[in-house]
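Peer 1: curious how this folds, go ahead:
(2 chains)
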Amino acid sequence: MERPVNAQAVRRVLIVGRLALLWALCITGRLVYLQVYKHEDFQKTAKSQHQHQFPLPADRGEILDRTETPLAISIRTESAVVNPQRIKDAEFFARVVAPALGLNPEELKATLKDYQERGAARARGRGYLSLKRHLTPEEKDRLKYLTATFPLEIIRDSRREYPAGSVGAHIVGSLDSEGNGNSGLEQKLNDTLKGKPGKMLVLTGAQMDQYIRWVSEDSTQGENFTLAMHRVIQNDVEQFLAEGVKDAGAESGSVVVLDPRNGEVLALANYPNFDPRNERPTLEEAKARRSNTAVQIPCEPGSVMKMITVTMGIDSGEFTETTPIFCENGAFARPGRKAIHDVHRMGAMDTAGVLIKSSNIGVAKISIRMGPRMLYEYLKKFGIGDKTGIELPAESRGMLRHLECRGPKDNYCWSPTSHEYIAFGHEVGATSVQLARAVAVIANGGLIVQPHLIMKKTRPRADGKLEEVALDIKKPERVLRAETAFRIRRIMQQVVLEGTGRRAAVPGYSSGGKTGSAEIFENGAWQNKHNSSFIGFAPVTDPRVVVVVTLNRTPKQGGIASAPVFSKVAATALRVLQVPKDEPEKEVAPPQPKILEVNELPENRIAKAIPQPKEKPQPQMSAGLLIGPTVPDFRGKAMLDVLRESAALGLQVQTKGRGVARNQAPAAGTVLPAGASIHVEFATPQ
Amino acid sequence: MTSLAALFDWLAAGSPEGRAASRNGNGTDFRLRTLPKEDIHVFVKSIDNSTVIRLVDNKDWLRSAGMAGGVMLASIMLIALLMPGGFSLLASRQIGQLNTEREQLINELRQVRSREAELLNPQQLDVWAGPNFHNPTAAAVIYAAPAQGTVASLRKP
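Peer 2: Below you'll find the model as predicted:
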């Protein structure tokens, strides 16, 4: 007989069963919560732990010269990286890996330990150390076997190559260690050059070991730029500039070569230059990288500005080439104003002669006749005070103050006499590129062009072919009557033939130009240093090149220091561009310097300093001592007078003692060699 | 009639151990004893089917052919269904390989162009040319006569 089931036992079984059911429901509920409600969160977390996204660097666009020769090109390479936090034995790692990469094991060990100590606090197991960039095939082969043992990774990288070296460095620019441009076009066009990076997805295990990777989005190469710059012209220009700076004893300089017909910049050089291949530049090189003098630093143009003033006079119809202007015999005194002086005493001369002989008084009179508003308008027409739009970083707009003051406290405006001084290049600042654009107006028959470096822009298509992209370049705009431009061209040709720019003559070609020298006033004194410049074009009949040469802080004037550089640069550019010669070629011997020429003073000095001594001692010249200014007689003069007179003549004087000048060496009347100074002894009168 | 033990013993006798045990006389060590009521009766009955006549069934043949055809058709359809995918997989692999190869070639081309530009660098040419490369003097230049209709000429007047 079966025993009847106890009712209490049944109840206990039911309780256990209910508990089990509850437990099952709890588990099911939790599972539903985790897998249904929290599905996305956990999926995201799992993805972040196991799926990593890395940027796939895009190939940087190429920069080519006008012959399609690469100036900057990116080569794909591979680099070895490691996460230092995953290395257990840094010494063992360094001893094995360093020889494979040609590194010093001790240095590698120290670096790893440093990273590990720093990273432990902040990196939370992550970290990145580039062991070696741009691996050679041999190094890569050696690493292939080590990647199985060590947490090494070989990642895609790229190397920027500059096959032309330092040629055109200020145009092309350079990259920093992170692959971003830090000067030149590399900086200005960084966004378009660097392209669009792709995405690579990597699945990793618990130990961050990668087991599968794929490209989810391919990178897009940056745009390619073909420049108007010709590397042969550029190379020669850089050489001539360096020689010119050295010969003139200048500190820096710049040259711009422009095609006046369309504004294409054929060459743009600055001194000192730098080598973009150098990844760790010295302080001087780093400074040279940053300063693109031709574009970023304006300076007083001096006499070259007379070109615009005379153009204004002729274009407005108030003056013709033959209109006589009285040049006041060297000193133009006006009541209540500082007198304006000329280097040489000149009487009446025609308007063309004012430009050829570079008369400050003549151009000041033209400016006074035309008025400040008209001068301001013509300066604007020539682009002075406006950015040129050249594709280089940190372009300066120069210095052209407002015509009218905007308030009682506005100091950045023209004074009642400003137009007189601006007429010969003072109280105004322009960069070499701005000057080149201004000369191009005369050279191309009255059109203002936009100086530009980029001639062509291409973009790689999906099928691998290149697609040309339209450029945004302003069309030439007429600002001057063509007739005026032709007349000014002829006058500027005379400057080279018989004026201050004789050294700018180009063998086989007719050329025109204008010299300029602006002495530097610093620390309350004239420094006997000039910004010497020469602007010009060739050939005169159909100018193909405009060249602007500026040498900074040189003791020599534009006609002596910069004009020879112009001659060499123009000759090279015309030869490379295969421009037919328009004049019979003859052996051009360097013109013998004349005392008149070497005594040419900067215009700002003439305008603002005291007049020259009335009686000059007759120079006793010999053939070997022709170069240099004549030493005046300082004896019997007070120290202040001696300093003033020497400053006016651009001479360096070393004084000794106090009182009145008693002795001087060299003696009065001798020709002072370039760079030499005069020793003057002073004594107190008894 | 036999038993399970006899059957095992018979099988064991065929093995090397069994044969060795038989030779040594201690073959009973592992032999199973016959258990009671475990006799296995094996009967052999001869069947004479010489008089059996197999009838030809046409439907059977049709069924077989239909089955074979159906299987073949299904296979072909499956293959046809999978083939584009397979081809595209193969093609994508080939495209991938070609892309990689193309990128390698482009990179090599860039290296070659860079090297060429480096060799043709004016600075480098100057170094190689040394003193042997200079502009000729004006007198050393021979001017060719202008062609018919030439506007500008290089001829020295």
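Peer 1: where does chain B have its least confident helix or strand?
Peer 2: helix B:16-24 (a mean of 59; mean pLDDT, DSSP states H and E).
Peer 1: which SSE is immediately downstream of that one?
Peer 2: Counting by DSSP states H and E, the next helix or strand C-terminal to helix B:16-24 is strand B:39-40.
Peer 1: sheet-wise, list the partners of that following strand with their directions.
Peer 2: Strand B:39-40 pairs in its sheet with strand B:2-3 (antiparallel), by DSSP bridges.
Peer 1: tell me the mean pLDDT over the strand it pairs with?
Peer 2: Average pLDDT, strand B:2-3: 72.
Peer 1: so how far is it off the chain centroid?
Peer 2: Remark: strand B:2-3 is offset 57 Å from the chain centroid, using CA atoms, centre = their mean, to the nearest Å.
Peer 1: got the buried residues for the helix or strand just after it?
Peer 2: Going down the chain from strand B:2-3, the next helix or strand is helix B:4-13, by DSSP H and E. Judged by neighbour count (16 or more other CB atoms under 10 Å in any protein chain shown), helix B:4-13 contains these buried residues: B:6, B:9, B:12. Glycine gets a C-beta too; all of them are placed from N, C-alpha and C.
Peer 1: low-confidence ranges in the chain?
Peer 2: Let's take chain A. A:1-5, A:119-127, A:207-208, A:210, A:585-629, A:648, A:650, A:673-675, A:685-686 (pLDDT under 70).
Peer 1: could you do chain B instead?
Peer 2: B:1, B:15-32, B:133-157.
Peer 1: switch the cut-off to 50
Peer 2: Across chain B, residues meeting the criterion (pLDDT under 50) sit at B:153, B:155-157.
Peer 1: which residues does stretch A:275-289 contact?
Peer 2: Applying CB atoms under 8 Å, 6 or more residues apart in numbering or on different chains, the contact partners of stretch A:275-289 are A:72, A:161-162, A:165-166, A:169, A:172-175, A:177, A:182-184, A:186, A:270, A:272-274.
Peer 1: buried only: go through those for me.
Peer 2: A:72, A:161-162, A:165-166, A:169, A:172-175, A:182-184, A:186, A:270, A:273-274.
Peer 1: taking the centroid of chain B, which residue is nearest it?
Peer 2: residue B:90 (11.7 Å; CA atoms, centre = their mean).
Peer 1: what does chain A have sitting close to chain B?
Peer 2: Contact residues (CB under 8 Å from any CB of the partner chain) of chain A with chain B: A:69-71, A:73-76, A:161, A:163-167, A:231-232, A:235-236, A:464, A:507-508, A:580-582, A:584-587.
Peer 1: whichever of the residues you listed end up buried, select them in PyMOL.
Peer 2: Provided next is the PyMOL selection string for whichever of those are buried by 16+ other CB under 10 Å:
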select buried, chain A and resi 69+70+71+73+74+75+76+161+163+164+165+166+167+231+232+235+236+507+508+580+581+582+585
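Peer 1: filter the residues of chain A next to chain B down to the ones in strands?
Peer 2: With strands taken from DSSP state E, the overlap with these comprises A:70-71, A:73-76, A:161.
Peer 1: any chance of those residues in a markdown table, plus distance to residue A:437?
Peer 2: Formatted as a markdown table, those follow (distance: CB to CB, whole Å):
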| residue | distance to residue A:437 |
| --- | --- |
| A:70 | 28 |
| A:71 | 24 |
| A:73 | 31 |
| A:74 | 33 |
| A:75 | 37 |
| A:76 | 40 |
| A:161 | 33 |
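Peer 1: which members of those residues are the farthest-apart pair?
Peer 2: Farthest apart among these by CB to CB are A:71 and A:76. That separation is 18.7 Å.
Peer 1: what about the helix ranked longest in chain B, near chain A?
Peer 2: When chain B is parsed with DSSP state H, its longest helix is helix B:58-119. Yes. With CB under 8 Å from any CB as the criterion, chain A is reached by helix B:58-119 at B:102-103, B:107, B:110-111, B:113-118.
Peer 1: taking helix B:58-119 as reference, get the angle to the helix or strand just after that helix.
Peer 2: As assigned by DSSP H and E, the chain's next helix or strand after helix B:58-119 is helix B:122-129. If you take axes from the mean of the first three to the mean of the last three CA atoms, to 10 degrees, helix B:122-129 sits at 70 degrees to helix B:58-119.
Peer 1: who touches helix B:122-129?
Peer 2: A:164-167, A:231-232, A:235-236, B:118, B:133.
Peer 1: what is the burial count for residue A:480?
Peer 2: When neighbours are counted by other CB atoms under 10 Å in any protein chain shown, residue A:480 registers 22.
Peer 1: ok, it touching residue A:311?
Peer 2: Yes. Under the criterion of CB atoms under 8 Å, residue A:480 makes contact with residue A:311 at 6.8 Å.
Peer 1: which neighbours do these two share?
Peer 2: residue A:442.
Peer 1: residue A:267: how many residues sit nearby?
Peer 2: With other CB under 10 Å as criterion, residue A:267 counts 29.
Peer 1: which SSE is it in?
Peer 2: strand A:265-271.
Peer 1: what lines up beside that strand in the sheet?
Peer 2: Going by DSSP bridges, the partners of strand A:265-271 are strand A:252-258 (antiparallel).
Peer 1: quick one: contacts of the strand it pairs with?
Peer 2: A:233, A:237, A:240-241, A:244-245, A:264-272, A:293-294, A:432-433, A:435-437, A:439-440, A:451, A:545-553, A:565, A:569, A:573.
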